[in-house]
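> only geometry, no sequence info:
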């Protein structure tokens, strides 16, 4: 426990990364390496620096205030908190940070541009070392402008032309194609996509990318003229109403591809209530392979984009940018299908 | 959008709450009232101050750095991020903050005391106006010490004797009693509790409180000598292994009360796989009434402690403490049972 008994403010205030370096008898760069758990740090160096950090009760967030030093804090901006995909991304971020002295501070932008802007500004004001933005709604120009002030990595944001910040994505077009191809292989031709009602709707969003992939796969199968996409509102009870209407349609398709498990699970649940059998009457493929999809009671086939891996890759990429890399990198991970009963009993 | 075109740092730096007050022609106290959306603010005052905030591009997080001013940011420390109860608490916090100029910044302590300590210290260093700690693992003395530096409200932390900080809880003892009473009423006598394997294990935790309530209700029914409690590890795959063993036991009880839906749902799912019928062979009651419990496919009876309301109450309580209240308040909300098929078909 690193809590002071008295006057923690005064004592911690004077300790900077330089004090730690002097106390440990090493260079400032060496302390920084230990703080970020850099590759190639010897056990001996780590032990020496860790002892000094603890003895001096070094608090980078305090020491760096008003100075040029690092706070060893990264900001993580999430689009919302209810999608079970996001805890996976956070777990990935934390897995990379845990062995270092970095910590993450999270803001939830709720897909509201004003709130996103205000949270990013605060994170800059707090002198965080860098930001990971997950599915931000802000346009690329604005993110580029922020990126001139602070290292930024965007996750779930498709802009491979950005040169001011990095992007880490699963290939969402490919993911949708994999889902459609699996349904086609099971013999379904009559396939509809349920998508998220657009709020911002620009092409960078994972949802739009999945729509593009859906249309392309349908086209390739000669079904391009009938590749219907239905919008599902994000909020209850309008989501449930729209899904109920979809299930009750006389021209309901034989198979459905959902942009996210959070909709696919509601589809399966309401189908059970309405006597629509899955997969006999309706095959369902979701997206994100959330823990709920894997439950025996649910058994939902789903595209896995490994949120945990996205979070890990994003964190490593951000740390390398914090360390000075300035050329943008754009990484695309390959998603895969997890087959379960909802696809073919 | 409140993004500057050039030199945002320089421009925003000089704007403080005093500048805003002068620009709007009102008092600093009036600006503060608008910022926190205080009761009784006229539409006229709100409009005037909002115009000034936008025109001057006031950024409290920047203006307050190194000064005595407020940052209009509160810190929210969560124990973990995967429990579906927590997004409800966050939604409650955001619902209260949304009409104000306050924002929340979240840290995830992962039930590790060292990480909790470090995040709280950073939030203090960042000069946040106050903290909401959700199910912290730190002992009361440490929280009290932090509370001397920053206003603190703890949620899901049972210490009604704390005089340095406030506590907001659902009555977890009562919740467990309600669950047991409902099972007794359905005719079950052979009831076991599945609880979380203790990490810190002190009495302040909601899990311990639920165990106390379970034992008391069983005792009252004359079943005190057989009120077995089984520990379930939090992490996969050990959680699943332990639950599988429980379900395979030859002396498996007829009914089970789970400390959280996250375990109850795994129980139901593995029961389905193993041919154990719910509720015919095993009745199940969970805790938190998460959105998954309500799914038609799951249909899990659960104790509802309204995380959203806890979040709202905690935020209002914190704001009143930030405004100067120093006497501690301890609020206990009453949970209720949501009956579903897992209790009695």
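Ah, there it is. If you're wondering where the values come from, they're calculated on a predicted model, not measured in any experiment.

> Identify the spatial nearest neighbour of residue A:329, chain neighbours not counted.
Counting by CB to CB, 6 or more residues apart in numbering or on different chains, residue A:329 lies nearest to residue A:166, which is 5.0 Å off, once chain neighbours are set aside. All C-beta atoms are positioned from the backbone trio N, CA, C, and that covers glycine.

> Next up, the contacts around that neighbour.
A:152, A:153, A:154, A:317, A:318, A:321, A:328, A:329, A:330, A:331 (CB atoms under 8 Å, 6 or more residues apart in numbering or on different chains).

> Now do it against residue A:113, distance only.
Distance, residue A:166 to residue A:113, by CB to CB, to the nearest Å: 21 Å.

> How about residue A:35?
Residue A:35 is 34 Å from residue A:113, by CB to CB.

> Could you do residue A:145 as well?
Distance from residue A:145 to residue A:113, by CB to CB: 14 Å.

> What's the end-to-end length of stretch A:268-281?
Using CA to CA, to the nearest Å, one end of stretch A:268-281 lies 11 Å from the other.

> who's in contact with it?
A:240, A:243-244, A:247-248, A:254, A:282, A:284, A:298, A:300, A:341-345, B:295-298.

> Average the pLDDT values over that stretch and round to the nearest integer.
For stretch A:268-281, mean pLDDT rounds to 95.

> Domain ranges for chain A, per the record?
As recorded under automatic domain parsing, the domains making up chain A are A:8-63, A:73-169+A:307-332, A:172-305.

> Tell me which of these sits nearest to residue B:181.
Nearest to residue B:181 among those is domain A:172-305 (26.6 Å), distances taken as CB to CB.

> Can you get me the start-to-end distance on the closest one?
Counting by CA to CA, you get 8 Å between the two ends of domain A:172-305.

> swap in stretch A:299-312?
Terminal residues of stretch A:299-312 lie 27 Å apart, using CA to CA.

> Could you do stretch A:125-145 as well?
Chord length of stretch A:125-145, first to last residue, is 15 Å (CA to CA).

> Is any residue of that stretch near chain B?
Yes: contact of stretch A:125-145 with chain B (CB under 8 Å from any CB of the partner chain) involves A:125, A:126, A:142, A:145.

> right, and the helix or strand after the helix or strand bottoming out on mean pLDDT in chain A?
Here the helix or strand of chain A ranked lowest by mean pLDDT, DSSP states H and E is helix A:8-13, holding a mean of 48. Next in sequence after helix A:8-13, counting helices and strands by DSSP states H and E, comes helix A:17-24.

> Show me what the helix or strand that that following helix is followed by is packed against.
Of the helices and strands lying after helix A:17-24 in sequence (DSSP H and E), the nearest is helix A:28-35. Applying 3 or more CB pairs under 8 Å, 6 or more residues apart in numbering or on different chains; DSSP states H and E, we find helix A:28-35 packed against helix A:17-24, helix A:43-56.

> Off-centre distance for the longest one?
Centre-to-centre, helix A:43-56 and its host chain are 33 Å apart (CA atoms, centre = their mean, to the nearest Å).

> for the record, mean pLDDT for it?
Mean per-residue pLDDT for helix A:43-56: 90.

> for it, which positions count as buried?
A:45, A:48, A:49, A:52, A:53, A:56 (16 or more other CB atoms under 10 Å in any protein chain shown).

> is any part of that helix close to chain B?
No: Helix A:43-56 does not reach chain B (CB under 8 Å from any CB); its nearest approach is 10.2 Å.

> can you map out the helices along chain A?
A:8-13, A:17-24, A:28-35, A:43-56, A:60-63, A:85-97, A:113-125, A:140-147, A:172-185, A:206-220, A:238-248, A:261-274, A:291-294, A:307-322 (DSSP state H).

> Could you save the ones you listed as a markdown table and add columns showing distance to residue B:106?
Shown next, in a markdown table, are the helices of chain A (distance: least, CB to CB, whole Å):
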| stretch | distance to residue B:106 |
| --- | --- |
| helix A:8-13 | 23 |
| helix A:17-24 | 26 |
| helix A:28-35 | 22 |
| helix A:43-56 | 25 |
| helix A:60-63 | 15 |
| helix A:85-97 | 10 |
| helix A:113-125 | 10 |
| helix A:140-147 | 20 |
| helix A:172-185 | 26 |
| helix A:206-220 | 22 |
| helix A:238-248 | 25 |
| helix A:261-274 | 21 |
| helix A:291-294 | 21 |
| helix A:307-322 | 15 |
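
> To residue B:39, which of those lies closest?
Taking these one by one with CB to CB, helix A:113-125 is closest: 23.0 Å.

> So which residues on the stretch 101-250 of chain A come close to chain B?
So far as CB under 8 Å from any CB goes, the stretch 101-250 of chain A lies against chain B at A:103-108, A:110, A:113-115, A:117-119, A:121-122, A:125-126, A:142, A:145-146, A:149.

> Go again with 10 Å.
When proximity is defined by CB under 10 Å from any CB of the partner chain, the stretch 101-250 of chain A lies next to chain B at A:101, A:103-110, A:112-128, A:138-139, A:141-142, A:145-146, A:149, A:236.
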